[in-house]
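Q: pasting the sequence and the predicted coordinates here, then a few questions.
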Amino acid sequence: MSVLQVQGLNASYRKNKVLHDVSFEVGQGSLTSIVGPNGAGKSTLLKVMLELHPKLSGDVSFFGSSLSKTKTRVGYVPQRGSVDWDFPTDALDVVMMGLYGRVGWLKRPNKSHKEKAMASLEQMGMADFAGRQISQLSGGQQQRVFLARALVQDADLYFMDEPLAGVDAATERAIMTTLKDLKTAGKTVMVVHHDLQTVEDYFDHVLLLNRTVIAHGKTEEAFTKDHVYRAYGGTLRWMKEA
Amino acid sequence: MLNSLLSPNTQWVLLSTLILGMAAGMIGCLAYWKRQSLMSDALSHAALPGVVIAFALTGSKNLLVMILGAAVSALIGAWMIQWIRSSSRIKEDTAMGMILSVFFGLGIMLLTIVNRTAGGNQSGLDNFIFGQAASMVRKDVFTMLILAVLVILVVSIGFKEWKLFLFDPDFARGLGLNSRLMNSLYMGVLVLVIVIGIQAVGVILMAAMLIIPAVSARYWTQSFRTMVILSAVFGGGSGFIGTLISTLGKGWPTGPFIVVASSVLFTVSLVFGAEKGLLIQAMQLRSQKKDHTESSNQAVIKPQLSERGNHQ
Ligand SMILES: Nc1ncnc2c1ncn2[C@@H]1O[C@H](COP(=O)(O)OP(=O)(O)O)[C@@H](O)[C@H]1O
Ligand SMILES: [Mg+2]
């Protein structure tokens, strides 16, 4: 059964058309990287699917249903730069936010919620930083906090926007271990990824995107030099030389 | 001073500016993290034409009617700022500056006309410019108190939702928090606290009641909850003290004294603030420098030790 079905999706910012007729399907338990040059519309694709940005036309269905009916099953890790890390709060508090839907609006989180959030921080190797101001965390640590917040949601389908961008090697390993664990647990994950060198090692599926879908499928089939070159156009010099 | 304290009317006025200051301090924190401090200034200036028109139409100085006029006028201002921003290349801060000056100019113009036709300054509308808390009658005080308490309740009850909405609005929407509702609610409480404050504080300085306490509170804490509480305390405190001082002289405006009181609190926070204050930062730098010299002294000895270790 396909977990996510996208059909003929179009989206724009004012007059700037960003997504053109995007269609693809994602099966359960897959770990897909969304790859494409800067400005290809990767972040926009996630936002449009999650209804954070309006679509011009097209259909998106989650688990054969609409987003509003399956909201609790869908998790989102925004780009790290999308929030102000100077906001006065600590790591544990940010992770707790992942539980707000479960806690219920206007209700206060209780002890078991707190324990869940702590466990999630621990899973990301961040237990020692629970009380640390988020502004005092390194980029990699901030990314782990975001991951922990998504884990605590206990969703079935995750969207992550560049979780590996600008993180240290230890964080990259911790995040990849987590992603593989999610996959083993039968969850489906889509990750915007910028490092072409690691695509084959890390992901079993690839969605090559540049305003429209260039190629999509199993990594060994879709991630060919020809496809990558088409997605990146002339901007990718090393591919031509290789 | 004791006499004026004993007058029941003054006591009520003091209570109302205290609660108003608390409400404004709390809403100021929301505006601060929405990066919209300037918006509160634009909206309070934009409220003036509404106040004057409401008076001209009804011919009475009923506070509830004035508040309604102010709210309509401020909301039109807010809507126009959004409209200018989304339909032209003009940036939001420029749009706010435009609306602020155009609406305020219009308000002053209308005020001059109304004052002339009403005969001198009989209308008392001038009070809405710099604020005259002492001129409030008991009914006004109650109206203001009830609305300010309402604003405080809206922030307190949905505290966790406000925090999420301000820190990460996209994630909040992903969780199913209705962002349109939150935005409307935010605009609603912002306009409400502005319009109930303008009789006591005046349109020119109302924004200071929103901005200064929040900025001051930021110097003391790294917790959003504490920031909101402190901001409420600072806002309430300066509202109370400013009003108290202004009642000492006949016809002294309230707004300027409230702003002076909160500026004193700000200066104290800037220098002595426990988190980001100048003093604590200087002290931290000094101790870091000391640690640095100590550790570099040790570094001279360490290589010898490790060399010896290698030989073993
Ligand atoms: N908020 C926005 N307003 C206007 N244009 C935007 C906005 N966000 C992105 N864009 C434009 O849309 C295109 C795609 O952006 P994005 O989805 O962020 O690309 P990617 O994530 O693949 O780097 C870019 O050309 C970018 O300039
Ligand atoms: Mg992006």
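A: Cool, the structure landed. Ligands and ions are numbered 1, 2, ... in the order given.

Q: from here on, contacts and neighbour counts on C-alpha atoms
A: Fine.

Q: I'd like the mean pLDDT over the strand or helix carrying B:F234, please.
A: According to DSSP states H and E, B:F234 maps onto helix B:224-246. Taken as a whole, helix B:224-246 has an average pLDDT of 96.

Q: helices or strands up against it?
A: When contacts are defined as 3 or more CA pairs under 8 Å, 6 or more residues apart in numbering or on different chains; DSSP states H and E, helix B:224-246 packs onto helix B:8-33, helix B:206-218, helix B:254-272.

Q: any idea which of those is most buried?
A: Most buried of these, by mean neighbour count (mean count of other CA atoms under 10 Å in any protein chain shown): helix B:206-218, with a mean of 28.

Q: all strands of chain A, in order?
A: Here chain A has its strands, by DSSP state E, at A:2-13, A:16-27, A:31-35, A:57-62, A:74-77, A:157-161, A:188-192, A:205-210, A:212-218.

Q: and the helix or strand harbouring B:S184, what's buried?
A: Using DSSP H and E, B:S184 sits in helix B:179-201. Neighbour-count burial for helix B:179-201, counted by 16 or more other CA atoms under 10 Å in any protein chain shown, picks out B:179, B:182, B:186, B:189-201.

Q: one step back: ok, which of the strands of chain A comes nearest B:T254?
A: Within those, the stretch nearest B:T254 is strand A:2-13; the backing value is 47.1 Å (CA to CA).

Q: tell me if stretch B:170-181 is near chain A.
A: Yes - residues of stretch B:170-181 are located near chain A by CA under 8 Å from any CA of the partner chain, namely B:D170, B:F171, B:R173, B:G174, B:L175, B:G176.

Q: for residue 194, give me its contacts.
A: Just going to use chain A. By CA atoms under 8 Å, 6 or more residues apart in numbering or on different chains, the contact set of A:H194 is A:V35, A:G36, A:P37, A:E162, A:A165.

Q: chain B is the one I meant
A: B:A24, B:S40, B:L43, B:S44, B:M206, B:A207 are the contacts of B:I194 under CA under 8 Å, 6+ apart.

Q: out of the residues you listed, what pair is the most spread apart?
A: Farthest-apart pair in these is B:A24 and B:L43; separation 13.6 Å (CA to CA).

Q: number of residues surrounding the closest residue to chain B within chain A?
A: Per CA to the nearest CA, the residue of chain A with the smallest distance to chain B is A:P88, at 4.5 Å. Neighbours of A:P88 under the rule other CA atoms under 10 Å in any protein chain shown: 20.

Q: now it. Its backbone dihedrals?
A: Note on A:P88: its backbone torsions stand at phi -70, psi 90 [degrees, to the nearest 10].

Q: quick check: it touching B:Y219?
A: No - A:P88 lies out of contact with B:Y219 (CA atoms under 8 Å); the separation is 10.8 Å.

Q: residues contacting residue 198?
A: Reading this off chain A. Listed by CA under 8 Å, 6+ apart, A:T198 has no contact partners.

Q: let me rephrase: I mean chain B.
A: If you count contacts by CA under 8 Å, 6+ apart, then B:I198 has B:S44, B:F128, B:I129, B:G131, B:M206 around it.

Q: how about the residues of chain B near ligand 1?
A: Where proximity means CA under 6 Å from any ligand atom, chain B presents no interface facing ligand 1.

Q: most proximal residue of chain B with respect to ligand 1?
A: Residue nearest to ligand 1 within chain B: B:S86 (11.1 Å; CA to the nearest ligand atom).

Q: host element of that residue?
A: Using DSSP H and E, B:S86 sits within helix B:63-87.

Q: report the buried residues of that helix.
A: Neighbour counts over helix B:63-87 (16+ other CA under 10 Å) mark B:63-78, B:80-81, B:84-85 as buried.

Q: so after it, what's the next helix or strand?
A: Using DSSP H and E, the helix or strand that follows helix B:63-87 in sequence is helix B:92-117.

Q: mind giving me the packing neighbours of that next one?
A: By 3+ CA pairs under 8 Å, 6+ apart, helix B:92-117 packs against helix B:37-46, helix B:48-58, helix B:63-87.

Q: who's in contact with the residue nearest the centre of chain B?
A: Centroid check for chain B by CA atoms, centre = their mean gives B:L210 as the closest residue, at 0.3 Å. Shown in contact with B:L210 (CA under 8 Å, 6+ apart): B:A24, B:G25, B:M26, B:I27, B:G28, B:C29, B:S37, B:S40, B:G235.

Q: if I look at A:K47, how far off is ligand 1?
A: Taking CA to the nearest ligand atom, to the nearest Å as the measure, A:K47 falls 8 Å from ligand 1.

Q: how about the nearest residue to that residue, chain neighbours excluded?
A: Of all residues not flanking A:K47 in the chain, A:H53 sits nearest, at 5.4 Å (CA to CA, 6 or more residues apart in numbering or on different chains).

Q: fine by me, thanks again.
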